[in-house]
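A.B. asks: got a predicted structure here, sequence first:
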Amino acid sequence: MKKIAIVGNCQVIPLADTLSIFPNIEVDRFIDINRMGTPEFENLAQDTVDQACRSDMNIIAQPMGDDFGCLSAKPLQSCGAEFYTMVNMHFSGLHSDITYMGAFQQRFMSPLGNYHSKIVATAYFKGLSAPYCQSLFCDATYRTLGYYDEYDNSEAEPARYQRRRARRIEGPPLGRLSSVYRLLTLVEPRGIEPLTSAVRLQGRDSKRAEMR
């Protein structure tokens, strides 16, 4: 039984759910970085590193900077455990007007939760009237802001990432998105790519078992 700890934001929740289906994988814990700063988070984070260093626990994590302490990439990789990296996705090609406002753990909320309209926010800060703001939702505005080009730009991001990091990654199967009727925001498709990643990981382990 492969024991796994998963570290990341909301994007890795579907990955944890999917991996838990496989009979030879135990998702021992999921560490949500959005809870960083709480005593529960700090205790769980340190315990995860300790267990990974002295046991067979494997780790799947999004790349974390030094601000995340023991959960940053270098300490996790130095544990000696099997370490998988899952890229933090940012795909703005479906609803290009959506954005966050505020820094990490300091988001301004709206009726859409963490999300805001770039057009509405701009109109608000410029003191424009509500009717004028509404009139900005039109073809001319979308063309000026480059919204119609955003899908292609986002789709090409995996290739740009590979060139910057000299590391091969596989992007999500975007063709599936056309059949999904829901609000796919800038951190989506979080339920599609993690599923694909889980299947890849499971297939990799199956091949290793056959080689043995």
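C.D. replies: Received it, and whenever you're ready, just let me know what you need. Since the structure is predicted, the reported quantities are computational estimates derived from the model, not experimental observations.

A.B. asks: can you tell me how far Ser129 is from Leu136?
C.D. replies: Relative to Leu136, Ser129 is positioned 11 Å away (Cβ to Cβ, to the nearest Å). Yep, even glycine has a C-beta here, placed from its N, CA and C like the rest.

A.B. asks: can you check Lys2 too?
C.D. replies: In this view, Lys2 and Leu136 are 52 Å apart by Cβ to Cβ.

A.B. asks: before we move on, what about Val27?
C.D. replies: Val27 is 45 Å from Leu136, by Cβ to Cβ.

A.B. asks: thinking again about what came up before, and Ser129 and Leu136? Which one has more around it.
C.D. replies: Neighbours per residue (other Cβ atoms under 10 Å) separate Ser129 from Leu136, with Leu136 holding more: 17 against 9.

A.B. asks: the more buried one against Ala123, yeah?
C.D. replies: Yes. Using Cβ atoms under 8 Å, Leu136 is in contact with Ala123, at 6.6 Å.

A.B. asks: any idea of the mean pLDDT for stretch 72-88?
C.D. replies: For stretch 72-88, the mean pLDDT works out to 77.

A.B. asks: buried ones in it?
C.D. replies: By neighbour count on 16 or more other Cβ atoms under 10 Å, the buried set for stretch 72-88 is 73, 75-76, 79, 81, 85-87.

A.B. asks: residues in contact with stretch 115-122?
C.D. replies: Residues outside stretch 115-122 that contact it (Cβ atoms under 8 Å, 6 or more residues apart in numbering): 97-101, 108, 110, 133, 136-137, 141, 145, 185.
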